[in-house]
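J.: Would you be able to build a 3D model of this:
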Amino acid sequence: MSTLDIIATLRKALKLSDSAQLSVHPSGAVNHVYRLQNVALHYEGTERKLQFHSVSEKAFRHRQTGQVVEGEQNQGRDPKQSCCVGDFAVKWLGDDRFSGIDRTYQFALQKKLCRLGLAPQPIWLSDDETIWVEQWQSDTTNPSLTPQCLAQTLASVHQLSIKAHPLKLAARWQHYIDIAKLNTDSTLYQKARRLRPKVLQSEQAENDSVLCHNDLAVNHILIRRDNTLTVIDWEYAAMGNRYFDLASCALINKLDSMTSTELVKRYADIMRINQQIALAEFNLHKEIVSVTNDLWFAALKANDALI
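T.: Numbering: from 1, shown residues only. Below is the predicted model:
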């Protein structure tokens, strides 16, 4: 979809003023990112917002503990629920035909993370789940790429009481294999087959099951003026093994062996985990993450061939 088509869709859905401007922003491997500026979103009403704030005490307690409240997902997608003025990030998701991400659920999850101050406020998701709008994070900077910063951010995420859908990595691997149509004789398929028992074992480690970001590049960490942090790009967030998230973080940020070890040690100290146990689990999950990454890119390549 062209930039003109996207702005036209947003004008109709969100009743944008004529002064609204959409500019291209650096993007990832799949999604296209834009900045929507000089905007006043005039919705038709705030009835659903008022309803959202008048829920029962029981529902409120559910939110405090991270449980998804019934009906909350649908509320999240309705542009009538709020009125916002300012700048917004817009993501075109239409080229993603392979990830299997549930965008409606992601929207609901990010609303909970936003209320805890750790994610941008999601604003609107199109019915076909191809256009996502969230609050632009102004007056923020990316931190330096240090083990301490990454460890602290991972620990902050892992300590949240929010409960999300499980990652189900073994099933996700199979999904990528099916999309990529991997030959059973291929090296990558054989690696995945060999590691599958370890993946299943990792998924069953209840003591290490936490909310994981699973894509924590340093440019996904933003520092506000008051020195608090927020994190963006939560699309792969799920309940999973903490060491998979650690190993993913090391791979994404291209950390060398010494820096990766320092990351794990800093994280273990923050979480009060034995360093040697943490390092052993991290080393096990490095191979799992490497195969996950290779499978993802194989599926991406197959997806690109269809576009």
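J.: The helix or strand that Lys12 is a member of: how far from the chain's middle?
T.: Using DSSP states H and E, Lys12 maps to helix 3-14. Centroid separation between helix 3-14 and its chain, computed with Cα atoms, centre = their mean, to the nearest Å, is 24 Å.
J.: helices and strands around the helix or strand encompassing Glu287, which ones?
T.: When elements are assigned from DSSP H and E, Glu287 belongs to helix 275-306. Helix 275-306 sits against helix 169-180, helix 187-203, helix 242-252, helix 257-271, with contacts defined as 3 or more Cβ pairs under 8 Å, 6 or more residues apart in numbering; DSSP states H and E. All C-beta atoms are positioned from the backbone trio N, CA, C, and that covers glycine.
J.: I would like the residues contacting stretch 228-235, please.
T.: Around stretch 228-235, the neighbours that count as contacts under Cβ atoms under 8 Å, 6 or more residues apart in numbering are 28, 99, 101, 103, 106, 109-110, 113, 117-120, 137, 140, 143, 153, 156-157, 213, 215-217, 220-224.
J.: Could you list which of those residues belong to strands?
T.: Judged by DSSP state E, strands contain the following of these: Ile221, Leu222, Ile223.
J.: surely Ala89 meets Glu134?
T.: Yes: here Ala89 reaches Glu134: they are 5.2 Å apart, a contact under Cβ atoms under 8 Å.
J.: Now do the shared contacts for the two.
T.: Contact with both Ala89 and Glu134 is made by residues Pro120, according to Cβ under 8 Å, 6+ apart.
J.: ok, now which ones touch the residue lying closest to Ala302 once chain neighbours are set aside?
T.: Among residues not flanking Ala302 along the chain, Ala180 sits closest, at 4.7 Å (Cβ to Cβ, 6 or more residues apart in numbering). Going by Cβ under 8 Å, 6+ apart, Ala180 touches Leu295, Ala298, Ala299, Lys301, Ala302.
J.: where does Leu211 fall, phi/psi-wise?
T.: Dihedral pair for Leu211: phi -70, psi 120, per degrees, to the nearest 10.
J.: That one contacts Leu167, doesn't it?
T.: No: counting by Cβ under 8 Å, Leu211 stays clear of Leu167, with 10.3 Å between them.
J.: which residues are common contacts for the two?
T.: With Cβ under 8 Å, 6+ apart, Leu211 and Leu167 have common neighbours Ala238, Met239.
J.: Report the residue spans of the stretch 151-300 of the chain with pLDDT below the cut-off.
T.: Counting by pLDDT under 70, the stretch 151-300 of the chain contains no low-confidence segment.
J.: and the closest residue to Ala268 other than its chain neighbours, how far is that from Ile6?
T.: Leaving aside its sequence neighbours, Ala268 sits nearest to Ala278 (Cβ to Cβ, 6+ apart; 4.0 Å). Ala278 is 44 Å from Ile6, where distance means Cβ to Cβ, to the nearest Å.
J.: In JSON lines: the helices and strands packed on helix 275-306, plus distance to Ser161.
T.: Output for the helices and strands packed on helix 275-306, formatted as JSON lines (distance: least, Cβ to Cβ, whole Å):
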{"stretch": "helix 169-180", "distance to Ser161": "23"}
{"stretch": "helix 187-203", "distance to Ser161": "21"}
{"stretch": "helix 242-252", "distance to Ser161": "15"}
{"stretch": "helix 257-271", "distance to Ser161": "15"}
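J.: Can you show me the helices along the stretch 1-150 of the chain?
T.: Ranges of helices within the stretch 1-150 of the chain are 3-14, 47-53, 57-64, 72-77, 103-115, 147-158, based on DSSP state H, counting those that start in this stretch.
J.: what's the least confident stretch among the ones you listed?
T.: Of all the helices of the stretch 1-150 of the chain, the minimum mean pLDDT falls on helix 47-53 (a mean of 28).
J.: tell me the centre residue of this structure?
T.: In the chain, the C-alpha nearest the mean C-alpha coordinate belongs to Trp234, at 1.3 Å (Cα atoms, centre = their mean).
J.: Test my guess that Arg35 contacts Gly86.
T.: No: using Cβ under 8 Å as the test, Arg35 is too far from Gly86 to be in contact (11.1 Å).
J.: Now the residue nearest to the centre of the chain. Its backbone dihedrals?
T.: Phi and psi for Trp234, reported as degrees, to the nearest 10, are phi -100, psi 20.
J.: Quick check: most distant residue from the centroid of this structure.
T.: Within the chain, the residue lying farthest from the chain centre (Cα atoms, centre = their mean) is Asp185, at 32.8 Å.
J.: Next, give phi and psi for that one.
T.: Per degrees, to the nearest 10, the backbone of Asp185 is at phi -90, psi 0.
J.: Now do the same contact list for Tyr247.
T.: Let me fix one detail, which is that residue 247 is Ala and not Tyr. Counting by Cβ under 8 Å, 6+ apart, Ala247 makes contact with Phe282, His285, Lys286, Ile288, Val289.
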